[in-house]
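Trainee: sequence plus the predicted model coming up.
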Amino acid sequence: MLGFLIALISGALMSIQGVFNTQVTKSSSIWVASSFVQFTALIVCLGAWVMTDRSSFGALMKVEPKYMLLGGAIGAFITFTVIRSMEMLGPARAVLLIVVCQVCVAYMIELFGLWGVEKQPFEWRKIIGVAVSIAGLVIFKFK
């Protein structure tokens with residue numbers, strides 16, 4: 001149940017953040033806004049680190065394979081693409097497309113066991129769920 005609640009909070013925060021970032025971009029530029037977002041995220045994360053676990057940053061050098069350390073760089077592109085999509089499509093359409101794509105890609109990652117994720121068996125109900133999500137996207141798109 002806690003995981004479900006955290007996921008709901010995450011979804012809400014992602015939508016709110018996207019709107020905030022898009023508004024900041026209107027007064028600056030996409031790269032200034034994205035840099036500010038990443039910088040403030042760094043400050044918050046460092047503050048949380050100081051107040052909680054204080055584990056060694058040296059442990060990052062033990063991560064294998066090394067490409068797994070690209071999450072932050074991917075995060076920068078996520079910020080960029082969320083801002084651009086919200087700017088071009090509006091928050092509701094952009095988030096709907098983003099979420100449907102997240103579900104599709106996440107299922108593919110599980111299905112094929114990519115990047116160290118435990119491989120899951122094919123299930124028709126999951127494909128039907130993805131299809132319903134895509135149908136919802138099509139329905140939502142029409143005015």
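Mentor: Perfect, thanks for sending it. Quantities reported herein were computed from a predicted structural model and do not represent experimental measurements.
Trainee: could you check the pLDDT of the most centrally placed residue in the chain?
Mentor: In the chain, the residue lying closest to the centroid (C-alpha atoms, centre = their mean) is I78, at 6.6 Å. pLDDT, I78: 91.
Trainee: likewise the one 5 residues further on?
Mentor: Turning to I83, the model gives it a pLDDT of 90.
Trainee: so how far is N21 from it?
Mentor: 5 Å (C-beta to C-beta, to the nearest Å). Any C-beta I mention is one placed from the backbone N, CA and C, and that applies to glycine too.
Trainee: which residues do these two both contact?
Mentor: Listed contacts common to I83 and N21 are A33, S34; contacts here mean C-beta atoms under 8 Å, 6 or more residues apart in numbering.
Trainee: now do the SS call for the residue nearest to the centre of the chain.
Mentor: With DSSP: H, G, I helix; E, B strand; the rest coil as the basis, I78 sits in helix.
Trainee: same thing with F122?
Mentor: Put simply, F122 is coil when judged by three-state DSSP.
Trainee: list the contacts for it?
Mentor: L111.
Trainee: need phi/psi at it.
Mentor: Note on F122: backbone dihedrals following degrees, to the nearest 10 are phi -60, psi 140.
Trainee: what's the answer for V117, then?
Mentor: Main-chain torsions, V117, degrees, to the nearest 10: phi -80, psi 140.
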